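Novice: next input, structure requested:
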Amino acid sequence: MPQLEVTRTNHRFLPDPRRVIAKPHLPGEEAYTPDGKSRVKAVLERILAIPDAEVAAIVADVLHNFSRRHHDFTKVLHNHFQMVAHHLEQGAELTEDRRLLIGAYFTHEYSIEAAALFNPSIVPAPDQTSLAPGSQRFIMSVRAVGEGHISSIGFRSGVLDDRCMLTFDEVSRFAITGRRTRPLYDKHLFGLKLAELEADNEIAAVVLEPLPEEFSFEELEQSLSLFEAKHVFPEIVACETTKLIHLLAMSNYISMYPRESPLSERVLFPAGPKESQGMEDARFVRFVHDDGSVVYYATYTAFNGFEVLPQLIETADFTSFRVATLSGRFVQNKGMALFPRPIDGKYVMLARSDRENTYLMRSDNVRLWNESQILHAPQQPWELIQIGNCGSPIETEAGWLVLTHGVGPMRRYAIGAMLLDLGDPGRVIGHLAEPLMAPEEDEREGYVPNVLYSCGSMVHAGQLILPYGFSDGGIKIATIRLPDLLNLL
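Specialist: Coordinates of the predicted model:
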């Protein structure tokens, strides 16, 4: 293969353990002490026994040591106090300091990047105002990993100038997880997903039947209450079905952030039961509908410690994010990546449904995927174990440019590329015989060695801008002349 010039810039992003969020800390709420009390209640009793004078001193020390590390720290403590307040005797009168102290005992800091920072994707930002001619503002998502290998999604931002020079905005020292609410649920999709969870029984039908086509979490809870009051079913079946209904409802949520907050402060931290151990490898894409309206989608892998599940993020402004479950026979495994526009009136998605090959999926509904065909199988020595995509396809005059990753000897991950027909993306026009990029010597060491991986690129001023993770240890940026790459393909 002719030599292709790949320019690695001087940008380098490494994990920063100083970036912490304040999380609730409930020490074994289901665990009981020898005298039969929950641990939460036992801790509360110890806190209530502290004399008032000591309470004030302890609170002053907590505020002195932690207030500068979090926005509106006293509000965080109040919120966490409210999470355990139901364990207190009804009508108990507490001073402001004691409420703050209870909140502090049930709070802990979590370093979101303590272990790793990698696997970025990059998209044009929604706001392109007030820029110099030829410049473009961008948003880069990152995968951060902290204690217990829990992954979250963070963001960086910056500007590309007319010469493709990247300038990144300063990263805030604060990190926030946003306010979570529940969306309206689509009754049809909710029922389909329950069927996939093997909960399409008479109990689910009784609960869903009275609900409107779009229903709220409160309406669902009311229907569940009526079902429990009026119907008699085997206890084990009823319990398991209602548990799955709740699990599905809780897996769909909205995270909202203050508009005035810097983008780099916003962290999408696991909130649903299916992602309790991580939100992995978000592939963001700027999606343009046939009517010209724009929305940003991201597929990511939810992980609960036992199984993986592809899920979908939707946002218009990177301030409010809707997280939704996906349904369909081919919603499985990792690495789903959405095309940036409809093709022949349908959504189109890349996937790796069988853990080895690349598939092409089509659908009338972005949350329902039942149509799939194999697109590309491992062929070259550097990709024989498995292949996948490195983010959403990029539309060019020559075809859909798809960056790929391949796993070869010694589990080395390298980045390749293929080109798909614009009108028929199920047809592969070209595929690089050799990797576009492989780990260089200073990119081989990290949390997972010998890995190059990206979750999305963009084109600017004739250059492919490719952010990539190296060995799960950090993030770098590469640029490639797009015409040169297309000529090779």
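Novice: please make it C-alpha for all contacts and neighbour counts, starting now.
Specialist: Will do.
Novice: give me phi/psi at Thr7?
Specialist: Main-chain torsions, Thr7, degrees, to the nearest 10: phi -100, psi 120.
Novice: if I read this right, it contacts Thr479, doesn't it?
Specialist: Yes. Using Cα atoms under 8 Å, Thr7 is in contact with Thr479, at 5.2 Å.
Novice: between those two, which one's more packed in?
Specialist: Shown here are Thr7 and Thr479; by other Cα atoms under 10 Å, Thr479 has more neighbours (20 against 13).
Novice: so where's this structure uncertain?
Specialist: The chain contains residues with pLDDT under 70 at 1-2, 28-37, 231-232.
Novice: could you confirm Leu63 falls within a helix?
Specialist: Yes. Assessed with DSSP: H, G, I helix; E, B strand; the rest coil, Leu63 lies in a helix.
Novice: show me the contacts for it.
Specialist: Phe73 (Cα atoms under 8 Å, 6 or more residues apart in numbering).
Novice: mind checking how far it is from Ala56?
Specialist: Leu63 sits 11 Å away from Ala56, going by Cα to Cα, to the nearest Å.
Novice: over to His431?
Specialist: Counting by Cα to Cα, the gap between His431 and Ala56 amounts to 67 Å.
Novice: before we move on, what about Glu356?
Specialist: When distance is defined by Cα to Cα, Glu356 is 60 Å away from Ala56.
Novice: can you check Ile343 too?
Specialist: Taking Cα to Cα, one finds Ile343 at 64 Å from Ala56.
Novice: repeat that for Ala438.
Specialist: Distance from Ala438 to Ala56, counting by Cα to Cα: 58 Å.
Novice: between those two, who's got more neighbours?
Specialist: Under the neighbour definition other Cα under 10 Å, Ala438 and Ala56 were set side by side, and Ala438 has more, 22 against 17.
Novice: okay but that one is in contact with Val407, surely?
Specialist: No. Ala438 lies out of contact with Val407 (Cα under 8 Å); the separation is 10.7 Å.
Novice: give the residues shared as contacts by the two.
Specialist: With Cα under 8 Å, 6+ apart, Ala438 and Val407 have common neighbours Tyr413, Ala414.
Novice: secondary structure element holding the residue nearest the centre of the chain?
Specialist: With distances taken as Cα atoms, centre = their mean, the residue of the chain nearest its centroid is Met279 (4.3 Å). Here Met279, judged by DSSP states H and E, is contained in strand 279-288.
Novice: return the list of helices and strands in contact with that strand.
Specialist: Packed against strand 279-288, as judged by 3 or more Cα pairs under 8 Å, 6 or more residues apart in numbering; DSSP states H and E, are the following elements: strand 116-124, strand 136-145, strand 151-160, strand 294-303.
Novice: among those strands, which is the most enclosed?
Specialist: Mean neighbours per residue, mean count of other Cα atoms under 10 Å, is largest over the helices and strands packed on strand 279-288 for strand 116-124, with a mean of 27.
Novice: what's next to that one, contact-wise?
Specialist: Residues from elsewhere that reach strand 116-124 (Cα under 8 Å, 6+ apart): 13-15, 136-146, 281-286, 391, 447, 453-458, 466-470, 472-475.
Novice: from those, list just the buried residues.
Specialist: Burial by neighbour count, judged by 16 or more other Cα atoms under 10 Å, picks out 15, 136-146, 281-286, 391, 453-458, 466-470, 472-475 from the contacts of strand 116-124.
Novice: tell me where the chain has helices.
Specialist: Listed from the start of the chain, the chain has helices (DSSP state H) covering 39-48, 52-66, 73-84, 96-105, 187-196, 202-208, 217-230, 235-250, 482-488.
Novice: most neighbours per residue, which of those helices?
Specialist: Highest mean neighbour count of the helices of the chain: helix 96-105, a mean of 21 (counted as mean count of other Cα under 10 Å).
Novice: off-centre distance for that one?
Specialist: How far helix 96-105 lies from its chain's middle: 32 Å, per Cα atoms, centre = their mean, to the nearest Å.
Novice: again with stretch 19-28
Specialist: Relative to its chain's centre, stretch 19-28 lies at 19 Å (Cα atoms, centre = their mean).
Novice: same check on stretch 178-194?
Specialist: Centroid separation for stretch 178-194 versus its chain: 17 Å, with Cα atoms, centre = their mean.
Novice: which residues touch it?
Specialist: Contact with stretch 178-194 is made by 200, 204, 208, 211-217, 244-245, 248, 250, 252-258, 266-268, 322, 326-328, 368, as judged by Cα under 8 Å, 6+ apart.
Novice: end to end on that stretch, go ahead and measure it.
Specialist: Start-to-end, stretch 178-194 (Cα to Cα) is 28 Å.
Novice: likewise stretch 289-305?
Specialist: So stretch 289-305: terminal residues 36 Å apart, Cα to Cα.
Novice: which other residues reach it?
Specialist: 273-288, 308-316, 334-338, 341-342, 345.
Novice: same check, this time on stretch 346-364
Specialist: Here stretch 346-364 makes contact (Cα under 8 Å, 6+ apart) with 330-339, 341-342, 345, 365-366, 369-378, 385-389, 392, 425-426.
Novice: thought Val459 was touching Ile465?
Specialist: Yes. Using Cα under 8 Å, Val459 is in contact with Ile465, at 5.8 Å.
Novice: so for those two, which residue has more residues nearby?
Specialist: Set Val459 next to Ile465 and count neighbours by other Cα under 10 Å: Ile465 wins out with 24 against 20.
Novice: residue contacts, the closest residue to that one other than its chain neighbours?
Specialist: Counting by Cα to Cα, 6 or more residues apart in numbering, Ile465 lies nearest to Thr479, which is 4.9 Å off, once chain neighbours are set aside. Counting by Cα under 8 Å, 6+ apart, Thr479 touches Val6, Thr7, Arg8, Thr9, Gln463, Leu464, Ile465, Leu466.
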